[in-house]
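A.B. asks: What shape does this take:
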Amino acid sequence: MTLSKLLLIIPLSISLCLSPLLPATELERKLIVVGEEFAPFEFIKDGKVVGVDIDIATHIFQKLDIPVVFHIMPWKRAWQMVEGGEADAVLTTSRKTTREPYLWYPKESMWVSEYVFFVNKDRVIADFNGYQTIKKYGLGIGVINGNSYHNSFWEAFPYQDGSTTFQGENSTTKLHPQIFKAHNAATNLYLLAAKERTDVFLIDRIIGQYTAKLLGLEDQLSHYEPAVYSKPYFMPFVKKSTYPAIKTIADQFDEALRQLKENGEYQRFLDKWIK
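C.D. replies: Residues are numbered from 1 along each chain as shown. The predicted structure follows:
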């Protein structure tokens, strides 16, 4: 074989061998998971992202041999990354019709939340009866900007245009005059402790208690029982993601999470942070 023919064959052989493979930059990049701070499920401690969901997701991704990185930020910024395809998955996300065009929702939830109203201990109302009491006394309600809550909440406190369902993260529709939004749970709890602007704050019981403890506010705050409502939270994957085979990864993650719940490992991850 002449040298000229050999030089033609070698590049072709290399090309055929490498063609099924993805570019090195795609193979090397980490899968990006974003979310807002919801201790103890996901939060920043000593400069690192930690929590129940982080432990569970890290465990599953290690089994799948997928490198991953977690970023905590305000919810609206996290959602912008989802819409723009800058993220590959998103933590602590409830199922909403307005979100489904952007996300693949799994069958398995990461956890199920029970929402309660937190209150300053100095402002506890003895006969508190949820939405009825809030309406009766015109109490200010703290919420997290962009969070979807439950249909019952929006029906009780509709938007100023009369809408009684969540209008989406990017909605500019004015909220009910009794609702006041803040960037995160910590800000809302600080406002309650300072007796500023809001009288109650609607948040998952575990998150509220854990965050209040982290902030040193547990002696100033309390919450009403029973829970107003419960809802599941998922870690859906982003449809616009550029990560290779993202839908397949989503399905594999869902199955691995199901197995964790069946074999008891899931409860051990939960107990590590909550007990």
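
A.B. asks: hey, let's count contacts and neighbours off CA atoms from now on
C.D. replies: Will do.

A.B. asks: need the helices for the stretch 151-275 of the chain, in chain order.
C.D. replies: 151-156, 185-194, 205-214, 246-263, 265-274 (DSSP state H, counting those that start in this stretch).

A.B. asks: With respect to residue 108, which of those lies nearest?
C.D. replies: Nearest to residue 108 among the helices of the stretch 151-275 of the chain is helix 246-263 (6.1 Å), distances taken as Cα to Cα.

A.B. asks: Could you check the angle that closest one makes with helix 265-274?
C.D. replies: Calculated by axes from the mean of the first three to the mean of the last three Cα atoms, to 10 degrees, helix 246-263 forms an angle of 80 degrees with helix 265-274.

A.B. asks: which ones are touching residue 67?
C.D. replies: 29-31, 61 (Cα atoms under 8 Å, 6 or more residues apart in numbering).

A.B. asks: how near is the residue nearest to residue 138 when sequence neighbours are not counted to residue 197?
C.D. replies: Spatial nearest neighbour of residue 138, excluding adjacent residues (Cα to Cα, 6 or more residues apart in numbering): residue 178 at 6.9 Å. Distance of residue 178 to residue 197, given as Cα to Cα, to the nearest Å: 10 Å.

A.B. asks: Overlap in contacts, those two.
C.D. replies: With Cα under 8 Å, 6+ apart as the test, residue 178 and residue 197 both reach residue 140.

A.B. asks: pLDDT wise, what is the residue nearest to residue 138 at?
C.D. replies: On the pLDDT scale, residue 178 is placed at 98.

A.B. asks: likewise residue 242?
C.D. replies: pLDDT, residue 242: 97.

A.B. asks: Tell me how many other residues crowd the closest residue to it other than its chain neighbours.
C.D. replies: Take residue 242 and drop its neighbours on the chain: the residue closest to it by Cα to Cα, 6+ apart is residue 85, 7.1 Å away. Counted by other Cα atoms under 10 Å, the residues lying close to residue 85 total 17.

A.B. asks: which SS state does residue 85 fall under?
C.D. replies: Per DSSP: H, G, I helix; E, B strand; the rest coil, the local secondary structure of residue 85 is coil.

A.B. asks: what's around residue 274, how many residues?
C.D. replies: 14.

A.B. asks: Test my guess that it contacts residue 39.
C.D. replies: No. The pair residue 274 / residue 39 is not scored as a contact, 10.1 Å apart, by Cα atoms under 8 Å.

A.B. asks: coming back round to it: got a list of what the residue nearest to residue 138 touches?
C.D. replies: Taking Cα under 8 Å, 6+ apart as the test, what residue 178 contacts is 138-141, 157.

A.B. asks: Same check on residue 204?
C.D. replies: Here residue 204 is in contact with 113-116 (criterion: Cα under 8 Å, 6+ apart).

A.B. asks: In this protein, which residue is most central in space?
C.D. replies: By Cα atoms, centre = their mean, the chain has its centre lying nearest to residue 92, at 2.3 Å.

A.B. asks: can I assume that one is in contact with residue 237?
C.D. replies: No. Taking contacts as Cα under 8 Å, residue 92 lies outside contact range of residue 237: 11.6 Å.

A.B. asks: Now do the buried residues in the helix or strand hosting residue 71.
C.D. replies: Assigned by DSSP states H and E, residue 71 falls within strand 68-72. For strand 68-72, the buried set under the neighbour-count rule, 16 or more other Cα atoms under 10 Å, comprises 70-72.

A.B. asks: And it, how far out from the chain middle?
C.D. replies: Here strand 68-72 is found 12 Å from its chain centre; the criterion is Cα atoms, centre = their mean, to the nearest Å.

A.B. asks: Same check on stretch 104-121?
C.D. replies: On Cα atoms, centre = their mean, the centre of stretch 104-121 falls 10 Å from that of its chain.
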